[in-house]
Each structure stands twice: as C-alpha cells, then as structure tokens.
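S.K.: When you get a sec, could you give me coordinates for this:
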Amino acid sequence: MNSHPGRLAGAAPLTSPKNVPVWLLALVTFSGTLAMHIFVPALPSAATDLGASIGEMQMTVSLYIFGLAVGQLVYGPLSDRYGRRPVLMSGLVLYTLAGLAALVSPGVHALIAARLFQALGGCAGLVIARAIVRDTSTADDTAKRLAVMNLMVTVGPGLAPIAGGALAATLGWRSIFVALCALGILNMLMTWKLVPETGRRNAETSVKSLSRDYLGLLRSPAFVGYAIGGGCATTSMYAFTASAPFIVMNELHRPATEVGICLALLIFGYWIGSMIATRLIGRFAMKRLMVISNLVSIGAALAFLALAASGELQLLPMMAAIMVYTIGAGVASPNALTLAVSVNPKVTGSASGLYGATQMAVGAVCTALAGIGGDPGLAAASVLVGASILAQSCFWIGVKASDATAAGRGVAA
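M.R.: Residues are numbered from 1 along each chain as shown. The predicted model follows:
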C-alpha cells in the first residue's frame, strides 16, 4: 500500500523540489523549442546569403523537428542509467557547440547539419526537465509544477518569431545563433550550479533493457492511452498553426500582421489553460480534470468546424473557438503527462522521452493532414475535431487500464 496519499508507490522524491528551481527547468525546456521558432523569420535572408533554395532552407526547420523527436527517445533512457545531471549537461554542451557551428556555417548543408545537432542537444531539456520534476515531486505536485512550466515555456513560440525577425533585420541572421549560444552558456552555468542529481541511476540500462522498457510502455494500455491522448489533445493545435496564414490571408482576406496576432492568441489560450490547471490540480482528480478539459476542446473544435462548413467563417468567432480549444489543451496537458510518466516510476526518463516523441509524431501527422484539400479552414477544423475525439477515447482507455492495475495492486486509483 502507498504510504503517502499524494504519492505513487515507489515514486518517493529523492530531492526537495525547492532545490531545483522551476524557472531553470522551464528555461532549459524553453531553449530547445525557442531555437526551432526563432530562426523561421530569418530563412529568406539566410537563403540569399548562402545561395540556398527555399527547400534547402526549410530543411533547417524540418530536420530540427526530426532531431527533437528522435532525441527524446534517447535522453530518457540515458538519464535513467547515468543520472539526470550529467546527461542534461551533455545535451546543453552539444546545443551550444552546434549553435556555434551554425553561426560560422559556410554553406547551407553545414547549416542543416548544425541545426540537426542543435536539436539533438536542445531536446535534452525537454525530456530531463520533466523527469526531474517527477523525481522531486508527489503526483499532484508534479502536475502543478508541470503546469507552471507550461506557463513559462509557452511564451517561447509567441515571442520567438518576433525576436528572430528583429535580430535578422538589425544585426543579420547569424546574430540569432549568437543569442542561442549565449543562452546555451547561461543554461550550462546555471545547471552546473543549481541542479543536483535527482534520479536513481540504473546501471542495468542497455540496448536490451531499453528495448524492454519501451516495449513494456508500448504494451501498457494506460501509457499508450495517456501518451496518444495527450498528443492528440495538445500538439494537434499545430494543424491550425500551419493553416493560419492561409485561412487569415487567403480565405478571410485579412492583412499578414493579423496572422501573428492569431497565433499569439492561440498561445495565450494555452497559457490560460495552464494557469487554470495550477489552480485546480489538487482540488480535483487529475483523471477527471484531463477528461473534462478535453470535452471542452471537443466542443470548441465542433464550433470551429460548424463555422468552416457553413461558408461563413469569420475571424473573431474562429479565434474564440480556437482559444477555448487551447484552454482545454492547457488544462489537459500536465495531467496527461503526469499520469503517463507515473505508469512505471522505474522508467520515468524513458516514459518522458517516449511521451515527448509521441507528441511530436502526433503534431507532425496533424499538420500533414491539415494540408489536404483546397479549404484550409475546413481541413484544420476537421483535424482538430478528429484529434480531440481520438484523445477522449485514448484517455478513457488509459483511465480504465490504470484503474484496473491499481485495483489489482490494492492501491487507491
């Protein structure tokens, strides 16, 4: 039986949460995604300077996303075996050195390679910061701290394009990588000084044990339900992000400046949801919050679909629906993640990495599906409806499976 009502069996924290600042964990997480968004406004100027094609420059973004997805599968198991601190430090070093390589890249192919390695280094924070939170917190506190991190991290996608555009316009596109290198150095120094080891090293981790851990997680209906459901509930919003320029400019005939406003409102909605989650977690069961908040997202997605299908799509009603959708996602996100990485506390790092990779994969699929057909508004709305309904189904599978497991072990669900 669990000796502490707020803590899962076998998951007692090793280090007081106060010893690992949430702002620092948010900063190292933020850095990995920041580098993806901040370079986008500089693509045209970098292409001109390097004599590269549009397709080649787009590779600097697509391979970055690929690196984030693959890297998350590696860092979790490595941190389980060698500890959170040394693996996180190694990732931050790689992130900084790759940023330096991108800064001095003589051609586009060198830049593409540097960006790939920058992603492989940057995603260390995405995985290990979540694992550190889980190491140092009870279940309810984990969800609260993850929600606080979401509040901080979601600032990145909203501000990064503005910052990148300003740097590229005033100091040139290479100045972006000067800023990213400086951020990497700051992260290394702060991590070295303020982040202690929080995980239990598992010397038995190997390729064989890694395969066993991942297969065990993939065979767990609870983990698969929470992971796929969490991805469908959250990164499905990438479908709207990718479609927004075409909806706003081509369908609604609005100026390009309003695209940025729409995307900022999307991030603001997610931020509000994360803030609401910090207030509600602990007062209500995480499973209940996750399911109810996704029901809100389903309703908002259906409203968006009705607007798009009616042929009377307008900017303000559309953005109202999208904001409600992302508020639901912001509430669901920390709950789904906490439940997923708590399925097997012995492989928290692996679970965190596999969860993150699943999110990236779901986001990529949703983005690709949103490009089908000649009506971007209808396509994006259809993807959001389908993803949110799939998320609800997966959440129910995860809840039932985890409840059944808890009942079999005699642990309160």
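S.K.: Walk me through the domains of this structure.
M.R.: Taking automatic domain parsing as the criterion, the chain consists of the domains 1-205, 207-413.
S.K.: Report the mean confidence score over the longest one.
M.R.: Translated: domain 207-413. Domain 207-413 carries an average pLDDT of 86.
S.K.: just to revisit the earlier point, with mean neighbour count as new columns, can the domains of the chain be given to me in a markdown table?
M.R.: For every residue, glycine as well, the C-beta is placed using N, CA and C. Converted to a markdown table, the domains of the chain look like this (neighbours: other Cβ atoms under 10 Å):
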| stretch | mean neighbour count |
| --- | --- |
| domain 1-205 | 20 |
| domain 207-413 | 20 |
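S.K.: so how far is stretch 224-243 off the chain centroid?
M.R.: Distance of stretch 224-243 from the chain centroid (Cα atoms, centre = their mean, to the nearest Å) equals 10 Å.
S.K.: First-to-last residue distance for that stretch?
M.R.: The straight-line separation of the ends of stretch 224-243 (Cα to Cα, to the nearest Å) is 28 Å.
S.K.: quick one: the helices in the stretch 1-150 of the chain?
M.R.: Using DSSP state H, counting those that start in this stretch, the helices of the stretch 1-150 of the chain run over residues 22-38, 43-50, 54-82, 84-103, 108-135, 139-153.
S.K.: Any chance of these in CSV with mean pLDDT as columns?
M.R.: CSV is the format used below for those (pLDDT from 0 to 100):
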stretch, mean pLDDT
helix 22-38, 84
helix 43-50, 84
helix 54-82, 78
helix 84-103, 95
helix 108-135, 89
helix 139-153, 70
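S.K.: Now those in a markdown table, please, with extra columns for distance to Gly328.
M.R.: Formatted as a markdown table, these follow (distance: least, Cβ to Cβ, whole Å):
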| stretch | distance to Gly328 |
| --- | --- |
| helix 22-38 | 21 |
| helix 43-50 | 32 |
| helix 54-82 | 24 |
| helix 84-103 | 31 |
| helix 108-135 | 21 |
| helix 139-153 | 13 |
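S.K.: List the residues that contact Val399.
M.R.: Applying Cβ atoms under 8 Å, 6 or more residues apart in numbering to Val399 gives the contacts 225, 287, 291.
S.K.: ok so, going back, out of the helices of the stretch 1-150 of the chain, the one nearest Ala244 is which?
M.R.: When those are compared by Cβ to Cβ, helix 22-38 sits nearest Ala244, at 14.0 Å.
S.K.: tell me the angle that closest one makes with helix 108-135.
M.R.: 150 degrees (axes from the mean of the first three to the mean of the last three Cα atoms, to 10 degrees).
S.K.: Please name every helix or strand in contact with helix 22-38.
M.R.: Helix 22-38 is packed against helix 54-82, helix 84-103, helix 108-135, helix 139-153, helix 155-171, helix 174-194, with contacts defined by 3 or more Cβ pairs under 8 Å, 6 or more residues apart in numbering; DSSP states H and E.
S.K.: May I have stretch 119-139 exported as PDB, CA atoms only?
M.R.: Below are the C-alpha coordinates for stretch 119-139, written out as PDB (Å, rounded to 0.1, in the frame of the first residue of the first chain):
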ATOM      1  CA  ALA A 119      18.000  20.000 -31.900                       C
ATOM      2  CA  LEU A 120      19.600  16.800 -30.600                       C
ATOM      3  CA  GLY A 121      21.200  18.900 -27.800                       C
ATOM      4  CA  GLY A 122      18.200  21.100 -27.200                       C
ATOM      5  CA  CYS A 123      15.800  18.300 -26.600                       C
ATOM      6  CA  ALA A 124      17.700  17.100 -23.600                       C
ATOM      7  CA  GLY A 125      15.900  19.800 -21.600                       C
ATOM      8  CA  LEU A 126      12.500  18.800 -22.900                       C
ATOM      9  CA  VAL A 127      12.900  15.300 -21.600                       C
ATOM     10  CA  ILE A 128      15.100  15.600 -18.500                       C
ATOM     11  CA  ALA A 129      13.400  18.700 -17.000                       C
ATOM     12  CA  ARG A 130      10.100  16.700 -16.900                       C
ATOM     13  CA  ALA A 131      11.900  13.700 -15.400                       C
ATOM     14  CA  ILE A 132      13.500  16.000 -12.700                       C
ATOM     15  CA  VAL A 133      10.100  17.400 -11.800                       C
ATOM     16  CA  ARG A 134       8.700  13.800 -11.400                       C
ATOM     17  CA  ASP A 135      11.800  12.800  -9.400                       C
ATOM     18  CA  THR A 136      11.300  15.600  -6.900                       C
ATOM     19  CA  SER A 137       7.500  15.800  -6.500                       C
ATOM     20  CA  THR A 138       4.500  13.900  -5.400                       C
ATOM     21  CA  ALA A 139       2.000  13.100  -8.200                       C
END
